[in-house]
Structures are given as C-alpha cells and as structure tokens.
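*Asks:* Next comes the sequence, and after it the predicted model I'd like to discuss.
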Amino acid sequence: MKKFLMMILVGAGLSMAAQAKDAKCKITLNNQVVVNNTCSFSPIDGDGSFILSGKYGLYEDIQAFKVVLINKGVAKTYVSGEDGDWNDWGKAIRSKSQPACWNGKTGSTRYQVCAFAK
C-alpha cells in the first residue's frame with residue numbers, strides 16, 4: 001500500500017512539472033525593466049494563476065513570482081526569495097492594454113510582471 005501511495009504522489013509531482021513551459025518574461029520595478037528574457041511558466045489551480053521562475057532565479061533575490069487570481073482581472077502576487085518562503089506583494093490588476101501583464105504596488109515599489117507565450 002505504501003508503494004502504491006508513493007507512486008501516486010510521485011506521479012502527481014511529475015504531471016505538475018510537465019505543465020511548465022518556456023515563456024518570455026518581463027518584470028519591471030519602478031519603471032525599470034529588470035527581467036526581459038526566457039523563464040519557466042507554470043500554471044497553477046487551472047484558473048489562470050501561474051508561477052514564473054528561472055533556472056538561476058529571476059532577479060537578485062527574487063527566485064520566483066506567483067500570480068494568484070482572486071477575481072476577474074484581479075490577483076494576489078507573491079515573490080519567493082532564496083529561503084523559499086512566499087512573500088505577499090499585494091494585489092495586482094491585469095493590464096487592459098497588455099493582457100499578459102499584471103500591475104501592482106508593494107510598499108513604495110510599483111511593479112509589472114508579464115508572461116508572453118513563446
């Protein structure tokens with residue numbers, strides 16, 4: 001029984017990893033583009049939510065960026081640092097002119113995170 005459960009858990013992990021795709025990622029902090037290259041796009045929850053990550057992180061201490069939809073055109077955003085913890089960056093609004101982009105503000109930092117299909 002233990003082997004069967006382990007196979008299910010491993011299989012579930014593999015199917016989630018298989019969903020990751022290359023994307024063109026662009027992250028802007030206070031109107032300065034800090035990421036503008038290929039990253040990994042991983043859909044989560046099946047509702048349009050996603051995680052962006054890079055092989056060596058995305059930017060300085062940002063390892064990954066998570067966008068979680070809470071309403072149509074509104075998301076909660078989180079940033080993962082080197083410690084692996086998700087830090088809440090607050091709400092973001094989907095850009096009407098660039099639907100692949102989300103705009104938000106955390107503290108005094110305005111940000112935009114975009115994920116374009118490759």
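*Replies:* On my side now, so go ahead.

*Asks:* how close does Asn37 get to Lys91?
*Replies:* 26 Å (Cβ to Cβ, to the nearest Å). Just so you know, the C-beta spots here come from the backbone N, C-alpha and C atoms, and that holds for glycine as well.

*Asks:* if you count what's nearby, which of those two comes out ahead?
*Replies:* Remark: of Asn37 and Lys91, Lys91 carries more neighbours, 16 against 10, as counted by other Cβ atoms under 10 Å.

*Asks:* How about the contacts made by the more buried one?
*Replies:* Lys91 sits next to 70, 74-77, 104 when contact means Cβ atoms under 8 Å, 6 or more residues apart in numbering.

*Asks:* Report the buried residues of the host helix or strand of it.
*Replies:* Assigned by DSSP states H and E, Lys91 belongs to strand 86-94. Across strand 86-94, burial judged by 16 or more other Cβ atoms under 10 Å covers 89, 91-92, 94.

*Asks:* What of stretch 110-118?
*Replies:* 111-115.

*Asks:* What's the end-to-end length of stretch 60-77?
*Replies:* 18 Å (Cα to Cα, to the nearest Å).

*Asks:* So for it, mean pLDDT?
*Replies:* Regarding stretch 60-77, the rounded mean pLDDT is 94.

*Asks:* is it true that Phe116 lies in a strand?
*Replies:* Yes: assessed with DSSP: H, G, I helix; E, B strand; the rest coil, Phe116 lies in a strand.

*Asks:* Pretty sure Gln98 is one of the things it touches, is it not?
*Replies:* No: taking contacts as Cβ atoms under 8 Å, Phe116 lies outside contact range of Gln98: 9.0 Å.

*Asks:* ok, the residue positioned nearest the centre of the chain to Asn31 distance?
*Replies:* Nearest residue to the geometric centre of the chain (Cα atoms, centre = their mean): Ile51, 2.5 Å. Counting by Cβ to Cβ, the separation of Ile51 from Asn31 is 24 Å.
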